[in-house]
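[1] Return atomic coordinates for the entry below.
(one chain, ligands or ions: 1)
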Amino acid sequence: MSNNSYFDYIIIGNGLAGLQLALKMVSNAFFDNKQIALIDSSEKNVNDKTWSFWETESSQWNNIIHKSWNKASVITSKKAIDLELKPYTYKSIRSIDFYKEAKNRLKQNPNIYFIIDSVKSVKEEYESIVVTAKQNTFTASHVFDSRIPETFSNDSKHSISITQHFKGWIIKTETDVFDENKVIMMDYRLKDGNQTTFTYVLPFSKTEALVEFTYFTEQLVNDEVYNKYIKNYIKKYLKIDNYTIIETETGKIPMTIFPFDKYNTNRITKIGTAGGWVKGSTGYSFKHTEKKVAKIVENIKANKTPSNHLFKSKYKFYDKVFLKVLKDENHKGEWIFQQFYDKNSVETMFKFLDEESSFIEELKIMWSLFSWSFIKAFFKTL
Ligand SMILES: Cc1cc2nc3c(=O)[nH]c(=O)nc-3n(C[C@H](O)[C@H](O)[C@H](O)COP(=O)(O)OP(=O)(O)OC[C@H]3O[C@@H](n4cnc5c(N)ncnc54)[C@H](O)[C@@H]3O)c2cc1C
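    The predicted structure is shown next:
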């Protein structure tokens with residue numbers, strides 16, 4: 001460890017954001033002489049999630065892509081929409097492969113220090129930032145922090161928030177049953193009442209798939225509820241009777257416009273979910289994280305505050321309107337996603353979700369969702 005536990009940068013959290021940030025830093029000569037500590041309470045040696053994302057270019061993660069697809073479908077109670085994703089490819093990475101790959105690459109750098117400890121507090125002092133953890137105290141010039149602010153969980157009344165929560169089973173069958181070339185992004189045929197709930201299917205091969213039952217709602221449900229719906233879906237819609245569950249995945253992702261960026265200062269930057277990097281309307285953050293870490297590195301090199309201009313405010317507004325509709329009229333989810341996927345080209349949709357769309361493309365999206373619900377939400381949000 002460096003002398004006196006002093007580092008140029010401390011990154012709290014070896015998750016998606018922390019590891020991507022560290023990798024971006026060490027790939028740039030500017031950081032060659034900087035001491036960087038990564039503190040996490042976990043060794044990160046368990047596969048705790050499957051990250052999926054789309055992109056047109058070949059990925060910097062190519063060697064750990066678990067599976068990729070060029071076709072997808074969205075199924076509602078009214079229609080099945082088939083999507084040819086080209087020029088995009090939808091890709092999945094198992095988190096354990098990402099943690100291993102990132103740690104291997106980082107461990108080759110003598111200026112990187114991995115520390116297992118649980119951070120209790122981060123305080124700005126006169127000359128440095130003091131990070132107090134369970135076992136040790138560390139100091140740094142700048143801290144990147146993946147811990148979600150405690151105020152977030154007490155704030156549901158003030159910011160528009162719902163939760164994307166889900167459970168998935170990776171199942172294995174003895175015979176070939178899955179179309180391994182096509183992802184089911186959303187299947188609304190099986191629903192929990194009138195809420196926005198759907199099944200997501202990632203076929204990894206003809207005999208193996210992740211089948212996930214997902215809610216976009218305010219209230220959470222018990223484990224048995226997810227189990228019941230996954231089981232029903234497998235039987236009724238995939239028509240599979242014999243299978244083995246080889247892994248399970250559960251998750252809760254905030255879909256929110258909570259002002260996480262207000263917690264950034266000149267010397268502390270909140271990152272990942274804690275920094276508001278998860279897109280409020282979708283829960284996706286893998287590709288957004290790549291862009292945010294690139295911007296942070298660019299800012300540091302230009303001697304600007306690292307969190308400078310990390311967000312484009314118009315997309316925060318769009319997310320806010322969308323979340324307002326889903327929160328006030330949760331039953332509308334099926335209609336919204338049917339319109340969204342049916343009335344727009346794949347390119348327009350993905351560019352919009354990637355926050356790279358033109359105003360004309362945004363108008364097209366708005367037109368496809370034009371309804372009293374969105375008009376109301378638009379004016380209430382304004
Ligand atoms: C199950 C699941 C599936 C998801 N799938 C997708 C997907 O397919 N595509 C997509 O784009 N997004 C997905 N997401 C959303 C998002 O990409 C992930 O949540 C992502 O991991 C967020 O990155 P993060 O770095 O903020 O958090 P994490 O990856 O959770 O990392 C946070 C780290 O901080 C550490 N930590 C927390 N508190 C402390 C403390 N006090 N002291 C020390 N360390 C601490 C934790 O141990 C953890 O390692 C998914 C989320 C979940 C939960």
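[2] Report pLDDT for the closest residue to F311 other than its chain neighbours.
    Once flanking residues are discounted, F311 sits nearest to D261: 6.5 Å by CB to CB, 6 or more residues apart in numbering. For the C-beta atoms, the positions are set from N, CA and C on the backbone; glycine is no exception. Note for D261: predicted pLDDT of 92.
[3] Neighbours of the nearest residue to S5 once chain neighbours are set aside, how many?
    Of all residues not flanking S5 in the chain, F138 sits nearest, at 4.5 Å (CB to CB, 6+ apart). Using other CB atoms under 10 Å, F138 has 26 other residues around it.
[4] buried ones in the helix or strand bottoming out on mean pLDDT in the chain?
    In the chain, no helix or strand scores lower on mean pLDDT, DSSP states H and E than helix 150-153, which sits at a mean of 87. Applying a neighbour-count criterion of 16 or more other CB atoms under 10 Å, one finds F152 buried in helix 150-153.
[5] near the ligand at all, the following helix or strand past it?
    Using DSSP states H and E, the helix or strand that follows helix 150-153 in sequence is strand 161-172. No - contact between strand 161-172 and the ligand is absent, the nearest approach being 7.3 Å (criterion: CB under 6 Å from any ligand atom).
[6] Number of residues surrounding the closest residue to the ligand within the stretch 151-300 of the chain?
    Residue nearest to the ligand within the stretch 151-300 of the chain: G272 (2.1 Å; CB to the nearest ligand atom). G272 has 27 neighbours, counted by other CB under 10 Å.
[7] wait, what's in contact with it?
    G13, G15, L16, A17, G18, S146, V278, S285, T289 (CB atoms under 8 Å, 6 or more residues apart in numbering).
[8] among these, which are in reach of the ligand?
    G13, G15, L16, A17, G18, S146, V278, S285.
[9] In space, what's closest to the third one - neighbours in sequence excluded?
    Spelled out, that is L16. T289 (5.6 Å).
[10] Determine the three-state secondary structure at that neighbour.
    Under DSSP: H, G, I helix; E, B strand; the rest coil, the three-state class of T289 is helix.
[11] Tell me the spacing between it and G13.
    According to CB to CB, to the nearest Å, T289 and G13 sit 12 Å apart.
[12] And for F53?
    19 Å.
[13] swap in K134?
    Distance from K134 to G13, by CB to CB: 15 Å.
[14] tell me the contacts of E84?
    With CB under 8 Å, 6+ apart, E84 has these contacts: N70, K71, V346.
[15] Which residues are in contact with the second one?
    By CB under 8 Å, 6+ apart, K71 lies in contact with D82, L83, E84, L85, N181, K182, V183.
[16] Show the buried residues in those.
    For the contacts of K71, buried by 16+ other CB under 10 Å: L83, L85, K182, V183.
[17] and those residues, which of them are in strands?
    L83, K182, V183 (DSSP state E).
[18] a markdown table please, covering those and showing distance to K91 and pLDDT.
    Listed next are those as a markdown table, based on distance: CB to CB, whole Å; pLDDT from 0 to 100:
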| residue | distance to K91 | pLDDT |
| --- | --- | --- |
| L83 | 15 | 98 |
| K182 | 14 | 98 |
| V183 | 10 | 98 |
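[19] Kindly reformat those residues as CSV containing distance to the ligand.
    Shown next, in CSV, are those (distance: CB to the nearest ligand atom, whole Å):
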residue, distance to the ligand
L83, 17
K182, 17
V183, 11
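[20] I'd say V119 and I11 touch.
    No - assessed by CB atoms under 8 Å, V119 is found out of contact with I11, at 10.7 Å.
[21] okay, and the common contacts of those two?
    I39.
[22] between those two, which one's more packed in?
    Set V119 next to I11 and count neighbours by other CB under 10 Å: I11 wins out with 27 against 21.
[23] Can you tell me the SS state at the more buried one?
    strand.
[24] residue ranges for the helices of the stretch 51-200 of the chain, please.
    Remark: helices assigned in the stretch 51-200 of the chain by DSSP state H, counting those that start in this stretch are 95-107, 150-153.
[25] Close to the ligand: what parts of the stretch 101-250 of the chain are there?
    Residues of the stretch 101-250 of the chain lying near the ligand (CB under 6 Å from any ligand atom): S118, V119, S146, R147, E249.
[26] same thing but at 5 Å, please
    Applying CB under 5 Å from any ligand atom, we find that the stretch 101-250 of the chain lies next to the ligand at S118, V119, S146, R147.
[27] which one among those gets closest to F204?
    Set against F204, the nearest of these by CB to CB is S146 (28.3 Å).
[28] Tell me the pLDDT of the closest one.
    Value for S146, per-residue pLDDT: 98.
[29] Count residues in the vicinity of it, would you?
    Neighbours of S146 (other CB under 10 Å): 23.
[30] what's the distance between the closest residue to it other than its chain neighbours and T269?
    Excluding the flanking residues, the one nearest S146 by CB to CB, 6+ apart is G13, at 2.8 Å. G13 is 12 Å from T269, where distance means CB to CB.
[31] Between those two, point out the one with more neighbours.
    The neighbour count for G13 versus T269, taken as other CB under 10 Å, is higher for T269 (27 against 24).
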